[in-house]
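Visitor: sequence first, then the predicted structure:
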Amino acid sequence: MVVEVAESSLSRDRNWKLGIYARNGIEVYWIVNLIGRTLEVYADPTGPCESPDYRSSEVLTMSDSVELVIAGIAVAAIRVAELIPDNV
């Protein structure tokens, strides 16, 4: 799992880094989007191919929660609001 916290790097994180992580089989990629005050969740990477990507993506808002899954086991539920500072 990789978690990026993005403001000025948002475009790079969504495009260039997302492709690198998908190509290398990173199972879950989160982008804490400080600009949109959302959590972008990417899962199920394609692996090495011409245009690596994630087959599943979801944008969660401040009122949503996300499950943290490690080795196939849900270990916590995290509120998106807890990931984004109030002063952003």
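Guide: Nice, thanks for sending it over.

Visitor: for the residue lying closest to residue 79 once chain neighbours are set aside, give me its contacts.
Guide: Leaving out its chain neighbours, the residue that sits closest to residue 79 by Cβ to Cβ, 6 or more residues apart in numbering is residue 65, at 5.0 Å. C-beta: built from backbone N, CA, C; applies to glycine. With contacts defined as Cβ atoms under 8 Å, 6 or more residues apart in numbering, residue 65 is in contact with 77-80.

Visitor: likewise residue 47?
Guide: By Cβ under 8 Å, 6+ apart, the residues touching residue 47 are 22-23, 25.

Visitor: going by distance to residue 61, which of those residues wins?
Guide: Among the contacts of residue 47, residue 22 lies closest to residue 61 (Cβ to Cβ), at 23.9 Å.

Visitor: list the buried residues for the helix or strand hosting the closest one?
Guide: Using DSSP states H and E, residue 22 maps to helix 18-23. Of the residues in helix 18-23, 18-19, 21-23 count as buried by neighbour count, 16 or more other Cβ atoms under 10 Å.

Visitor: ok, back up a step: which of the contacts of residue 65 tops the neighbour count?
Guide: Neighbour counts for the contacts of residue 65 (other Cβ atoms under 10 Å) peak at residue 80, which has 20 neighbours.

Visitor: right, and it touches residue 63 too?
Guide: Yes: the pair residue 80 / residue 63 is scored as a contact, 7.5 Å apart, by Cβ atoms under 8 Å.

Visitor: can you tell me which residue sits nearest the middle of the protein?
Guide: residue 30 (1.5 Å; Cα atoms, centre = their mean).

Visitor: okay, now the sheet partners of the helix or strand of the chain with the lowest mean pLDDT, with direction.
Guide: One helix or strand of the chain scores below all others by mean pLDDT, DSSP states H and E: strand 65-70, with a mean of 92. Strand 65-70 sits in its sheet next to strand 73-79 (antiparallel), going by DSSP bridges.

Visitor: if anything else comes up later, I'll come back, but that's it for now.
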